[in-house]
Structures are given as structure tokens and as C-alpha cells.
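Q: I would like the atomic coordinates for the input below:
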Amino acid sequence: MQSHALTHQRGMALVLSLIFLAIVTMLSLSSMQGAITQDRMASSQRDYGVAFQAAEAALSEAETLLQNGAPPGNGWRNHDMAMEELTRNPRYRIQTLAPLGSLTNNDGTEAVEMLYRIETQGFGRGEDTRVTLEALYVRQQPVEVIVP
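A: Numbers count the residues shown, from 1 in each chain. Next up, the predicted model:
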């Protein structure tokens, strides 16, 4: 009687173990796909951070140039950075927008406040990663008197 019961259950263990193996495989693939997606997101966020820092460095250089009295210039200028993580160096351009007004300094000289726009672009490791920053800068400069 015992041998008759064993003959009816022989294939059931194999079927159950195959179903269990299929479920475990699907769970493993799902968690692997989630881990790969998380890794891509972290890499993209890091790339954006590098591009943002490069754009900020270029913005700082442009502000320093204006603060030291350099003329705004025409077109884009490169900001040289020695970072292996960048596909190319960040760049900036300074545009003169308008005079805001004039004032008299403590020493009696007249100065005019000029408004400048600084645009910077930073690039990351990926070819498509680009961050653009814009800032407005006001600089006081002496009034130039033109004598005929």
C-alpha cells in the first residue's frame, strides 16, 4: 500500500521545485533591474553635480574679472580647469546691459553703476550633460569725461 502512494507523488516535487525556482528567478531579476536603475540615477546625479561645480567656477572667475576692472569683452571665454571628469572646460561670457545711475563717492569723484549679465556653461562627463547659470553683477566705475 505504501508503494502505491509513492508512485502517485513522484512528479509533484519536481513541479513544485520548478515553480519555486521560477519565482526566485523573477524576484532576482526584478531586484537586479532596480539596482541597475539606481546606479544609473546616481551616476547621472554625480555628472550633473560636476557640471554645476564647473559652471560655478567659471561664474566666480567672471565675477573676479569684473571686480578687478576688466572689460566685459565679446563672446565666450574658456575657464581652464584641470579636471579629468569634464568632457570640456566650462565657459562664460559677460555682457554689458545698462547703466543704472551715477553717484558721488566719498572722495568727491563721480561714479556710474553698470549692470552686467554673466552667463556660464559647465559640462560634465557625459556629452549631453550641460548646466547653464546666469548672474547679474553691478560694478561701480569712474565716469569718463570726454574732452573735445
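Q: Would you mark the buried spots in stretch 103-122?
A: Residues of stretch 103-122 classed as buried: 114, 116, 118-122 (neighbour count, 16 or more other CB atoms under 10 Å). C-betas here are computed from N, CA, C, even on glycine.
Q: can you give me the offset of that stretch from its chain's centre?
A: Put simply, stretch 103-122 sits 29 Å off its chain's centre (CA atoms, centre = their mean, to the nearest Å).
Q: who does the helix ranked longest in the chain touch, helix- and strand-wise?
A: When the chain is parsed with DSSP state H, its longest helix is helix 12-67. Counting contacts by 3 or more CB pairs under 8 Å, 6 or more residues apart in numbering; DSSP states H and E, helix 12-67 packs against strand 91-104, strand 110-123, strand 130-142.
Q: Dump those to TSV, plus mean pLDDT and distance to residue 30.
A: Conversion of those to TSV gives the following (pLDDT from 0 to 100; distance: least, CB to CB, whole Å):
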stretch	mean pLDDT	distance to residue 30
strand 91-104	86	44
strand 110-123	89	35
strand 130-142	88	34
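Q: would you turn those into a markdown table with distance to residue 19?
A: Below are these laid out as a markdown table (distance: least, CB to CB, whole Å):
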| stretch | distance to residue 19 |
| --- | --- |
| strand 91-104 | 60 |
| strand 110-123 | 51 |
| strand 130-142 | 50 |
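Q: Those strands: which one's closest to residue 80?
A: Distance to residue 80, taken as CB to CB, is lowest for strand 91-104 among the helices and strands packed on helix 12-67, at 10.3 Å.
Q: Relative to the closest one, what are the paired strands and their orientations?
A: In the sheet, strand 91-104 lines up against strand 77-78 (antiparallel), strand 110-123 (antiparallel) (DSSP bridges).
Q: so can I have CSV of those showing distance to residue 39?
A: CSV is the format used below for the strands paired with strand 91-104 (distance: least, CB to CB, whole Å):
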stretch, distance to residue 39
strand 77-78, 32
strand 110-123, 22
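Q: Those: which one's closest to residue 37?
A: Among those, strand 110-123 sits nearest to residue 37 (CB to CB), with 24.6 Å.
Q: quick check: angle from that closest one to helix 12-67?
A: Here strand 110-123 runs at an angle of 160 degrees relative to helix 12-67 (axes from the mean of the first three to the mean of the last three CA atoms, to 10 degrees).
Q: Brilliant, that's me finished.
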